[in-house]
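A.B. asks: I would like the atomic coordinates for the input below:
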Amino acid sequence: MIIKVLTGLLAAGALAGAVVVADQLPVHEPAPATVDHQAIAPLQQAVACPGNMEIPVGDISSGDADLDSGSDDVQLETFTSGSTIKVDSGFASDAPVAASIERVGGGDIAGLAAVTCVRPSMDQWLVGGATTLGASARLVLTNPAEAPVEVTVVSYGPIGQEEEPMVIVVGPESQRSVLLEGTIPENPALALHVVSNGTGIVANVQDSRLDGFEPAGTDWVTRAADPGTSIVIPAVGPSDADVEGASASVSLLAPEGAHVSLALVTDTGASEWPGAANLNLEPGVVTVIPVPNISAGAVEVTSDAPVVAAGVSRLPRESQAGREGSVAFDTMWVAGQSAADTSHTLVAVTDSPELSVYAREATSVSVTNQSGEVVATQDVAARTVQRVSVTASAGDVLTVGAGIEWVQVVSAEDGFLTAVAPSDSEVADLDVAVRVDGYVPVP
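C.D. replies: Have a look, this model is predicted:
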């Protein structure tokens with residue numbers, strides 16, 4: 001019993017001594033964290049275009065030239081100031097900006113379709129297209145890089161997000177083409193979120209429509225501005241509001257839901273849009289809003305949460321089949337843009353190009369060519385859209401300063417129409433932040 005008591009007292013004494021020693025040890029505080037910012041110049045990537053349009057059902061001969069799915073009247077022009085390489089049906093260029101325009105004179109995909117070649121992106125949105133009866137949506141993924149890329153495609157429609165995303169591997173310097181009507185059929189209004197690894201991908205959708213035997217328009221759906229709360233579609237509607245049968249609509253998607261207001265803009269200013277002043281967009285649901293019958297204008301999209309948007313214009317033209325009472329159409333897709341803090345550039349795809357220019361604030365718009373020469377100027381009042389005629393030739397590189405939303409609109413006498421959007425040709429340095437956390441040194 002005496003031994004047990006002494007053992008307990010010794011243990012208690014040792015514990016007390018340890019506490020005293022611990023109190024006398026120095027306390028080390030970790031050094032404050034430091035953050036070092038470095039500007040890294042990214043690799044200059046090639047721009048890429050999807051190439052020729054394709055007939056969804058293939059080139060079928062019916063014995064009647066007016067009813068054949070294909071056409072012998074196909075003209076594809078490409079514009080680039082640099083060298084090019086073929087990427088399957090498309091091409092890539094080391095120029096800062098490039099473009100292509102294709103005219104198909106007859107058959108199922110008769111129409112005019114232009115596209116600006118852009119650099120690959122790891123995260124992009126495409127708004128437009130359909131997979132209902134008579135419609136085809138051909139997704140084209142172009143990889144101009146020398147390494148394979150894995151692409152995840154999430155699709156949305158009027159009933160929300162599709163349950164299973166598509167995962168597609170695109171090999172180096174190659175292309176993958178997918179007919180979406182085979183994977184997500186009966187979708188009347190599409191929006192795609194395309195996410196990729198590696199060096200990114202260039203994504204486009206060929207939207208083609210048929211109304212019975214009559215072609216109802218083909219155009220490229222191109223990359224829209226990232227989700228934002230202030231989006232402008234700088235060209236919607238026909239040049240002549242009195243054209244019978246012409247129509248236009250706007251497709252909207254809020255990934256997380258949003259309250260949205262739309263305004264129509266013409267050369268005289270902005271006006272309220274009956275029924276579209278306060279829209280509630282459900283998360284992940286594509287909503288299509290018809291545009292009132294107006295002449296060429298623009299659409300402002302203002303929201304309390306990020307949205308993506310695009311507009312489509314539909315113009316009637318003379319029937320190629322010549323059947324009494326039948327009418328053919330062509331379509332023009334214009335992706336929504338956000339006001340950029342840098343100048344944007346496009347390649348004119350026609351001589352004497354005409355630009356549709358929107359300004360948020362009153363300004364004098366100046367258009368320059370590749371030599372820095374001013375080829376057009378136009379005063380644009382706040383919240384108006386103006387048509388600007390430019391003294392330039394097909395293939396000229398046109399630049400407009402920051403803070404302007406604009407496109408080149410191409411209209412042909414035979415009723416074909418399309419648009420070419422500008423892109424940011426400058427490659428900004430990446431800001432890399434390196435954080436070094438403090439640590440407690442070991443004595």
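A.B. asks: can you tell me the average pLDDT over the strand ranked longest in the chain?
C.D. replies: As assigned by DSSP state E, the longest strand anywhere in the chain is strand 297-317. Averaged across strand 297-317, pLDDT comes to 95.
A.B. asks: how far does that strand sit from the chain's center?
C.D. replies: From the chain centre to the centre of strand 297-317 is a distance of 13 Å (C-alpha atoms, centre = their mean, to the nearest Å).
A.B. asks: how about low-confidence regions in the chain?
C.D. replies: 1-31, 33, 37, 39-43, 57-71, 239-241, 321-325, 425-433, 436-443 (pLDDT under 70).
A.B. asks: Now do the contacts for Val236.
C.D. replies: Ala248, Val250, Val291, Ala296, Gly297, Ala298, Val299, Gly311, Ser313, Val334 (C-beta atoms under 8 Å, 6 or more residues apart in numbering). Bear in mind the C-beta positions are built from the backbone N, C-alpha and C, glycine included.
A.B. asks: how about a cut-off of 7 Å?
C.D. replies: Applying C-beta atoms under 7 Å, 6 or more residues apart in numbering, we find Val236 in contact with Ala248, Val291, Gly297, Ala298, Val299, Gly311, Ser313, Val334.
A.B. asks: Present those residues as CSV; the columns should include neighbour count and distance to Ala110.
C.D. replies: Shown next, in CSV, are the contacts of Val236 (neighbours: other C-beta atoms under 10 Å; distance: C-beta to C-beta, whole Å):
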residue, neighbour count, distance to Ala110
Ala248, 26, 20
Val291, 21, 24
Gly297, 26, 26
Ala298, 30, 27
Val299, 31, 27
Gly311, 29, 22
Ser313, 26, 17
Val334, 32, 20
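A.B. asks: and which of those residues is nearest Pro148?
C.D. replies: Lowest distance from Pro148 to the contacts of Val236 (C-beta to C-beta) belongs to Val334, with 32.3 Å.
A.B. asks: from memory Val291 sits against Ala248, does it?
C.D. replies: Yes. Between Val291 and Ala248 there is a contact under C-beta atoms under 7 Å: 4.0 Å.
A.B. asks: Please enumerate the helices of the chain.
C.D. replies: 2-24 (DSSP state H).
A.B. asks: which residue packs closest to the residue nearest the centre of it, ignoring adjacent ones?
C.D. replies: Residue closest to the average C-alpha location in the chain (C-alpha atoms, centre = their mean): Arg223, at 1.5 Å. Spatially, and ignoring its direct neighbours in sequence, Arg223 is nearest to Gln124 (4.9 Å; C-beta to C-beta, 6 or more residues apart in numbering).
A.B. asks: Gly171 too?
C.D. replies: Pro148 (5.2 Å).
A.B. asks: Please verify my assumption that that neighbour contacts Val169.
C.D. replies: Yes. Because the distance of 6.0 Å satisfies C-beta under 7 Å, Pro148 is recorded as touching Val169.
A.B. asks: so Thr131 sits right up against Thr183, yeah?
C.D. replies: No. Here Thr131 lies out of contact with Thr183, judged by C-beta under 7 Å, at a distance of 8.6 Å.
A.B. asks: So between the two, which is more surrounded?
C.D. replies: Under the neighbour definition other C-beta atoms under 10 Å, Thr131 and Thr183 were set side by side, and Thr131 has more, 21 against 16.
A.B. asks: Can you give me every residue that contacts that one?
C.D. replies: Here Thr131 is in contact with Ala137, Leu180, Glu181, Ile184, Pro185, Glu186, Asn187, Leu190 (criterion: C-beta under 7 Å, 6+ apart).
A.B. asks: filter those to the buried ones?
C.D. replies: Ala137, Leu180, Glu181, Ile184, Asn187, Leu190 (16 or more other C-beta atoms under 10 Å).
A.B. asks: Would you point out the most distant pair within those residues?
C.D. replies: Farthest apart among those by C-beta to C-beta are Glu181 and Leu190. That separation is 10.2 Å.
A.B. asks: Overlap in contacts, those two.
C.D. replies: If you check Glu181 and Leu190 against C-beta under 7 Å, 6+ apart, the residues they both contact are Thr131, Ala137.
A.B. asks: Next, work out how far apart the residue nearest to the centre of the chain and Val250 are.
C.D. replies: Taking C-beta to C-beta, to the nearest Å as the measure, Arg223 falls 17 Å from Val250.
A.B. asks: quick check, nearest of the contacts of Val236 to Leu279?
C.D. replies: Closest to Leu279, out of all of the contacts of Val236 and judged by C-beta to C-beta, is Val299, at 12.6 Å.
A.B. asks: dump the residue contacts of the nearest residue to the closest one once chain neighbours are set aside.
C.D. replies: Leaving aside its chain neighbours, Val299 sits nearest to Ile233 (4.4 Å; criterion: C-beta to C-beta, 6+ apart). By C-beta under 7 Å, 6+ apart, the contact list for Ile233 reads Val250, Ala298, Val299, Ala309, Ala310, Gly311, Val334, Gly336.
A.B. asks: Hmm, the last one is touching Ala309, no?
C.D. replies: Put plainly, it is Gly336. Yes. Under the criterion of C-beta under 7 Å, Gly336 makes contact with Ala309 at 3.7 Å.
A.B. asks: of the two, who's got more company?
C.D. replies: It is Ala309, of Gly336 and Ala309, that has more neighbours when counted by other C-beta under 10 Å, with 31 against 27.
A.B. asks: Neighbours of Gly237, how many?
C.D. replies: Around Gly237 there are 26 residues (other C-beta under 10 Å).
A.B. asks: which ones are touching it?
C.D. replies: Per C-beta under 7 Å, 6+ apart, neighbours of Gly237: Ala248, Val291, Ile294, Ser295, Ala296, Gly297, Ser313.
A.B. asks: try it again with 8 Å
C.D. replies: Counted by C-beta under 8 Å, 6+ apart, Gly237 has contacts Ala246, Ala248, Val291, Ile294, Ser295, Ala296, Gly297, Ser313.
A.B. asks: do the same with Ala92
C.D. replies: Ala46, Val47, Ala48, Cys49, Thr84, Ile85, Cys117, Thr142, Pro144, Glu173.
A.B. asks: how close does the third one get to Phe91?
C.D. replies: Which is Ala48. Counting by C-beta to C-beta, the gap from Ala48 to Phe91 is 7 Å.
A.B. asks: the more surrounded of those two?
C.D. replies: Shown here are Ala48 and Phe91; by other C-beta under 10 Å, Ala48 has more neighbours (29 against 22).
A.B. asks: Could you verify my assumption that that one touches Asp94?
C.D. replies: No. The pair Ala48 / Asp94 is not scored as a contact, 10.9 Å apart, by C-beta atoms under 8 Å.
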